[in-house]
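**Q** Structure, please.
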Amino acid sequence: MASLAWRLCYPLGKTKAVVVISFVWIIIVSLFFVRNYDHSFRYKDTKSTGVQNDKIIPKNDYSLLWINFKNVAPNNGTTRSSPVSAQKPRATASEAEQEPVKSCVHPKLLENDPVMMRFFKKLPIPQCVDEEWLFVENGTVRFSKSALQKYKNFTCDYYPLTRVGDYNFTYSDPIKNISDGFRMISDFFKGVCTSEKKLTNRGIYSGIYYSDDRAKRSENADPLNDGFQGMNIAILGFDSMSRMSWHRRLKETRSYFKDTLGAIELESHNIVGDGTTAVMFPMLTGKFEWELPECR
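**A** Reported below is the predicted structural model:
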């Protein structure tokens, strides 16, 4: 009888029952702790006066406001693991100026690191199988010298491309027998060339054609004031390319921007999301993409 009562109370056996009950209690205690734990935290904000002010970040506020950008400064190798870690109190403003704190640690990456360079391969420039008889140069249509030597006399027709909505286009009436140096009348066109032996060459070409209306608008226009409302900052970014790849693959471009134009390279910039908007919004607004209102 006692054995039957024991089986009714502990159908899983004594050992299994103890394990199950312990596991249930662990789950209950964990849920209670997570529900009642204060997720807010404090960090020291040292203003220009040198006085430390405790700032409290509320619960569930996971924006970029917790980053204390005022503490980012070089300190001769002395670093701190995070901007919210404890600081040693500083008595005066002069002492604070003598002891700057560096919150962001720049990794020292080698441009010619042998571990990475074995995966770096410079691919050859792709060569077109079909020879192009025409090419575009500074808004004009030019004849290829190699094609002129090979086929000598050939004639070309210019078909202006006109867009019809976002997904359709059409070709206007062709301009017959254009000459070398013909000035484009559209940004896109189809060129059809025929040699004396009835060989044909077709292609779609693009460029920027000269427009009298555009020229008149730009004669007295100041693009920094009229076109951009006084803005004079441009940000150049490359999707799906690391900073070291920018160093290795685009050396001449980087040299032109930094040495000639005096551009600033954002060495501390890091992605904080997946996608262009998820990365750019925090840099421009200080908030994550999901923190900003819907704007579609």
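
**Q** First-to-last residue distance for stretch 142-158?
**A** Stretch 142-158 has an end-to-end distance of 12 Å (CA to CA, to the nearest Å).

**Q** Need the contact partners of that stretch.
**A** By CB atoms under 8 Å, 6 or more residues apart in numbering, the surrounding residues in contact with stretch 142-158 are 131-136, 141, 174-178, 180-182, 185, 189-197, 199, 201. Just so you know, the C-beta spots here come from the backbone N, C-alpha and C atoms, and that holds for glycine as well.

**Q** So what touches stretch 193-205?
**A** 130-136, 141, 147, 151-157, 161, 188-192.

**Q** Next: stretch 268-277.
**A** 64, 104, 106, 239, 278-279, 282-283, 288-289.

**Q** Now neighbour count, distance to Arg118 and secondary structure too, for these, in TSV please.
**A** As requested, the contacts of stretch 268-277 are exported to TSV (neighbours: other CB atoms under 10 Å; distance: CB to CB, whole Å; DSSP: H, G, I helix; E, B strand; the rest coil):
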residue	neighbour count	distance to Arg118	secondary structure
Leu64	14	37	helix
Cys104	15	30	coil
His106	10	25	coil
Asp239	7	25	coil
Ala278	14	32	helix
Val279	18	29	helix
Pro282	20	34	helix
Met283	15	33	helix
Phe288	15	37	coil
Glu289	15	37	helix
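
**Q** Of all pairs in the residues you listed, which one is the farthest apart?
**A** For the contacts of stretch 268-277, the maximum inter-member distance is 25.7 Å, found between His106 and Glu289 (CB to CB).

**Q** now the helices: where do they sit in the stretch 101-250 of the chain?
**A** Taking DSSP state H, counting those that start in this stretch as the test, the helices found in the stretch 101-250 of the chain are 114-117, 145-151, 212-219, 243-249.

**Q** right, and the ones you listed - which one's nearest Asp166?
**A** Among the helices of the stretch 101-250 of the chain, helix 212-219 comes nearest to Asp166, with 22.7 Å by CB to CB.

**Q** Just the endpoints, please. Distance across stretch 108-119?
**A** 19 Å.

**Q** in the stretch 151-296 of the chain, which segments are predicted with low confidence?
**A** 217-231 (pLDDT under 70).

**Q** All the strands of it, residue numbers only.
**A** Secondary structure of the stretch 151-296 of the chain (DSSP state E, counting those that start in this stretch): strands at 154-164, 168-171, 182-183, 188-195, 200-206.

**Q** about what we covered before: which among the contacts of stretch 193-205 count as buried?
**A** Taking 16 or more other CB atoms under 10 Å as the criterion, what is buried in the contacts of stretch 193-205 is 133-134, 136, 141, 147, 151, 154, 156, 161, 188-189, 191-192.

**Q** who does the helix or strand hosting Ser22 touch, helix- and strand-wise?
**A** Using DSSP states H and E, Ser22 maps to helix 14-36. With contacts defined as 3 or more CB pairs under 8 Å, 6 or more residues apart in numbering; DSSP states H and E, helix 14-36 has no helix or strand neighbours.
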